[in-house]
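A.B. asks: model this:
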Amino acid sequence: MAALINVPSKAKRGEIIEIRTLTSHIMETGFRHTADGKFVPRDIITSFICRYNGAEIFRADLFPAIAANPYLSFFTVAKESGKFEFEWIGDNGYSSTASASITVG
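C.D. replies: Predicted coordinates for the structure are as follows:
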């Protein structure tokens, strides 16, 4: 699945920056029924993790009430130049990753 990541490309050391992510996923709750009354199997993203130069800085556990194509926004402090790594994990072996770099001066 595709992901849109918004991380500033540059920041000053100590600056608070906003990180925004949007990933494409249907997020089927498992509560719906088909026309013939059968349950549509659950298929959701269950967790999101962001790492900054390998250290986990944000984690979210997601549940069936989360909308399709989940959008997450959070803040961190720009400490050093490096890489943000994003990971989404879900039902049925779902796994998606993305990354973005930042230069801190």
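
A.B. asks: Next SSE downstream of the one helix or strand residue 84 maps to?
C.D. replies: In this assignment (DSSP states H and E), residue 84 forms part of strand 82-90. Downstream of strand 82-90, the next assigned helix or strand under DSSP H and E is strand 95-104.

A.B. asks: Walk me through which strands that next one pairs with, and which way each runs.
C.D. replies: Partners of strand 95-104 in the sheet, by DSSP bridges, are strand 10-11 (parallel), strand 82-90 (antiparallel).

A.B. asks: Going along the chain, name the strands of this structure.
C.D. replies: Ranges of strands in the chain, per DSSP state E, are 3-6, 10-11, 16-23, 45-52, 55-61, 71-77, 82-90, 95-104.

A.B. asks: what's the closest of those strands to residue 36?
C.D. replies: With CB to CB as the measure, strand 82-90 is the member of those nearest residue 36 (26.1 Å). Using the backbone N, CA and C atoms, a C-beta is placed for each residue, glycine as well.

A.B. asks: Quick check: bridge partners of the residue positioned nearest the centre of the chain?
C.D. replies: When CA atoms, centre = their mean is applied to the chain, the residue found nearest the centroid is residue 48 (4.7 Å). Counting by DSSP bridges, residue 48 is bridged to residue 60, residue 88.

A.B. asks: ok, now how distant is it from residue 74?
C.D. replies: Residue 48 sits 10 Å away from residue 74, going by CB to CB, to the nearest Å.

A.B. asks: Same check on residue 9?
C.D. replies: Distance of residue 9 to residue 74, computed by CB to CB: 18 Å.

A.B. asks: just residue 68 next, same as before
C.D. replies: From residue 68 to residue 74 the distance is 20 Å (CB to CB).

A.B. asks: Which of the two has more residues huddled nearby?
C.D. replies: Shown here are residue 68 and residue 74; by other CB atoms under 10 Å, residue 74 has more neighbours (15 against 12).

A.B. asks: got a list of what the closest residue to that one other than its chain neighbours touches?
C.D. replies: Spatially, and ignoring its direct neighbours in sequence, residue 74 is nearest to residue 58 (5.0 Å; CB to CB, 6 or more residues apart in numbering). The contact partners of residue 58, taken as CB atoms under 8 Å, 6 or more residues apart in numbering, are 19, 48, 49, 50, 74, 76.
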